[in-house]
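Student: structure for the following, please:
(one chain, ligands or ions: 1)
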Amino acid sequence: MSLDFLQQRISTQTARLGVIGLGYVGLPVACLFAEAGFNVVGVDLKAERVNAINAGISPIEGREPGLAELLATVVAEGRLHTTTQYADLHDCDVVTISVETPVDEQHVPQYVALRSALRDLGPVLQSGALIIVESTIAPGTMARLVKPLLEESSGKRANVDFYLGHCPERVMPGKLLANLRGVSRVCGGETPETAQTMIALYRHIVQADLDPADCVTAELVKTVENAYRDVNIAFANEVALICEAVGGDVWKVRELVNKSPGRMMLYPGAGVGGHCITKDPWLLAYEAWNKIPIRLIPAARAVNDGMPLHILKLLEETLEIAGKELEETRILVLGYAYLEDSDDTRNSPSEVLATWLREWSAEVLVHDPFVPGYQGNVLAMAQGCNAVVVMVKHTEYQNIDLRALRAALTTPIVVDGRGAFSAEQAQRAGLIYRRVGQG
Ligand code: SAJ
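Tutor: Residues are numbered from 1 along each chain as shown. So this is what the prediction gives:
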């Protein structure tokens, strides 16, 4: 099938779509294309996930406004069907791939899931089909891995028998549908015509800009935008450490710096979690690692990964003022998710802190209003503790009665890793208060 014919089938919504990987990226995409009028077949290795979706039930945890209802509707209408069988993709004109692309301890991309998807898709790939990788990948992966592997597994030639593109996802947990509809996307095609065909497809579900590009540009844009965020958070964290050393207040400094035109200093904090910002800088650096000196990206990662330990240091110093050693204390850690008002605990900085506290024989309690197993009453949990450490700025914590908290604590210590409170509030409550970035 030529791209003209494919574009015609896309414009009349008679193109049959396949989505490989029904997680928090693939599933909303499948639902939105089904809502737009396409017939969509979703493939996932997890039978329980497939069964849940075919029963009209969303397997995505956390609050995702509109997703459960949309899924139930498109499944009931018969526009979305899911399966564990790649064979069911044999008549798809377009297939998107949204599988995990982690990095290992040595920061090397692990493409096991991507390779497996390409290997299983090849033999059933329909001639003339358009394959779009939505997973975040290191620049150069489309050329070095995806294209050759798909040609090998299908016995077909790219840009002749099938077409290839990369449209990196820009979803954010908690706003999956809103972001998919309202955030611009880069449509990186192996050829300009492929990029235009991708734009015609995504126009059915995206109301924001759809920017044509080649594949390597699309790979770079996604990994750069997250490396950019990581480096800027690291800058804020390093300024926080400097402020502590020279007796400044980074929160005041940040507020005033951002009054200067063209400045937008991010927030310092107790660390950087999640699986986007912690991973994508390494994907960006991977291909160029042995070709040019890459210094800023690893340095920023080291600064951010060092913040939980810095919070530990602040806690030790503050306990010392109260004549306490870590090993004889009970510490309440507030927040286990990696992000405020989220239940996502991937790469949680709190996990790092709790592990170190236990290494130092402190007794550790962890609270989080969103994470099952960590919910409870903060003041009740604080009873008899020697200190509270704020690791996540959940809205609930900003409303804590600090006087009641002080009354519950054996030693009235609060270490604030997120600027959840102000020094004045803490002082009025009679707390011994340390805030990251405040000398
Ligand atoms: N963090 C700071 N200081 C800041 C901002 C964040 O310490 O100023 C910490 C957070 O506490 C968290 C981590 O960094 O532990 C990541 O926070 P994030 O707001 O970047 O949230 P993520 O990890 O969900 O990032 C996603 C990314 N989206 C995609 O990859 C599609 C990122 O590009 C978005 O900018 C971000 O969501 C967003 O803005 O919501």
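
Student: my guess is L309 contacts V352, does it?
Tutor: Yes - between L309 and V352 there is a contact at 7.5 Å, judged by CB atoms under 8 Å. Using the backbone N, CA and C atoms, a C-beta is placed for each residue, glycine as well.

Student: strands along this structure, start to end?
Tutor: Assigned by DSSP state E, the chain shows strands spanning 16-20, 39-43, 80-83, 94-97, 129-133, 162-166, 185-189, 210-214, 330-334, 363-367, 387-390, 413-416, 432-435.

Student: any chance you could list what contacts stretch 214-226?
Tutor: Residues from elsewhere that reach stretch 214-226 (CB atoms under 8 Å, 6 or more residues apart in numbering): 136-143, 164-170, 186-190, 195, 213, 276-277, 280-281, 283-284.

Student: repeat the analysis, applying 7 Å as the threshold.
Tutor: Stretch 214-226 has contacts (CB atoms under 7 Å, 6 or more residues apart in numbering) with 136-143, 165-168, 186, 188-190, 276-277, 280-281, 283-284.

Student: phi first, then psi, for the spatially most distant residue from the centre of the chain.
Tutor: Relative to the mean C-alpha coordinate of the chain, counting by CA atoms, centre = their mean, the farthest residue is G323 (40.5 Å). Per-residue torsions, G323: phi 70, psi 30 (degrees, to the nearest 10).

Student: can I get the buried part of the contacts of stretch 214-226 as one PyMOL selection?
Tutor: Selection command for PyMOL covering only the buried members of the contacts of stretch 214-226, criterion 16 or more other CB atoms under 10 Å:
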select buried, resi 136+137+138+139+141+142+143+165+166+167+168+186+188+189+190+276+277+280+281+283+284
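
Student: higher neighbour count, L309 and V352?
Tutor: A direct count of neighbours by other CB atoms under 10 Å for L309 and V352 places V352 higher, at 21 against 13.

Student: ok, that one - contacts?
Tutor: V352 sits next to G271, P308 when contact means CB under 7 Å, 6+ apart.

Student: can you tell me how far G189 is from M142?
Tutor: Note on G189: its distance to M142, by CB to CB, to the nearest Å, is 10 Å.

Student: for A302, same thing?
Tutor: Counting by CB to CB, the gap from A302 to M142 is 30 Å.

Student: same check, this time on R358
Tutor: R358 sits 43 Å away from M142, going by CB to CB.

Student: residue ranges of each domain in this protein, please.
Tutor: The record's domain parsing of the chain by automatic domain parsing lists 3-222, 306-435.

Student: make CSV from these and add mean pLDDT to it.
Tutor: Shown next, in CSV, are these (pLDDT from 0 to 100):
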stretch, mean pLDDT
domain 3-222, 97
domain 306-435, 96
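
Student: any idea which of the ones you listed gets closest to A240?
Tutor: A240 sits nearest to domain 306-435 of all the domains of the chain, at 8.5 Å, using CB to CB.

Student: count of residues packed around the nearest residue to Y24 once chain neighbours are set aside?
Tutor: Distances taken as CB to CB, 6 or more residues apart in numbering place I60 nearest to Y24, at 5.6 Å, with adjacent residues excluded. The number of residues packed around I60, counting by other CB under 10 Å, is 19.

Student: what sits against I60?
Tutor: Applying CB under 7 Å, 6+ apart to I60 gives the contacts Y24, L27, L67.

Student: one more: R418?
Tutor: Neighbour list for R418: G269, A270, V390, V392, K393 [criterion: CB under 7 Å, 6+ apart].

Student: ok, so what distance separates A178 from D211?
Tutor: As judged by CB to CB, A178 and D211 stand 20 Å apart.

Student: repeat for V378
Tutor: According to CB to CB, V378 and D211 sit 46 Å apart.

Student: higher neighbour count, the two?
Tutor: Neighbours were counted for V378 and for D211 using other CB under 10 Å; V378 has more, 18 against 15.

Student: tell me how far the more buried one lies from I400.
Tutor: V378 is 6 Å from I400, where distance means CB to CB.

Student: same question, T355
Tutor: Applying CB to CB to T355 and I400 gives a distance of 25 Å.

Student: who has more neighbours, these two?
Tutor: I400 (20 against 12).

Student: for the residue in the stretch 301-439 of the chain positioned nearest to the ligand, which residues are in contact?
Tutor: Per CB to the nearest ligand atom, Y338 is where the stretch 301-439 of the chain lies closest to the ligand, at 4.3 Å. The contact partners of Y338, by CB under 7 Å, 6+ apart, come to G273, G274, D344, T345, R346, N347, S348, P349.

Student: pipe those residues into CSV and attach neighbour count per row.
Tutor: CSV is the format used below for those (neighbours: other CB atoms under 10 Å):
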residue, neighbour count
G273, 27
G274, 20
D344, 19
T345, 20
R346, 16
N347, 18
S348, 24
P349, 26
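
Student: need the max-distance pair from these.
Tutor: D344 and P349, at 12.6 Å, using CB to CB across the contacts of Y338.

Student: would you mind listing what in the stretch 301-439 of the chain touches the ligand?
Tutor: Contact residues, the stretch 301-439 of the chain versus the ligand (CB under 6 Å from any ligand atom): Y338, L339.

Student: now the helices for the stretch 301-439 of the chain?
Tutor: 307-321, 349-359, 378-382, 395-398, 402-408, 423-428 (DSSP state H, counting those that start in this stretch).

Student: got a list of contacts for the fifth one?
Tutor: It stands for helix 402-408. Contact with helix 402-408 is made by L379, A382, Q383, V388, P412, F421, Q425, A426, A429, G430, L431, as judged by CB under 7 Å, 6+ apart.

Student: among the residues you listed, name the buried ones.
Tutor: Burial by neighbour count, judged by 16+ other CB under 10 Å, picks out A382, V388, P412, F421, Q425, A426, A429, L431 from the contacts of helix 402-408.
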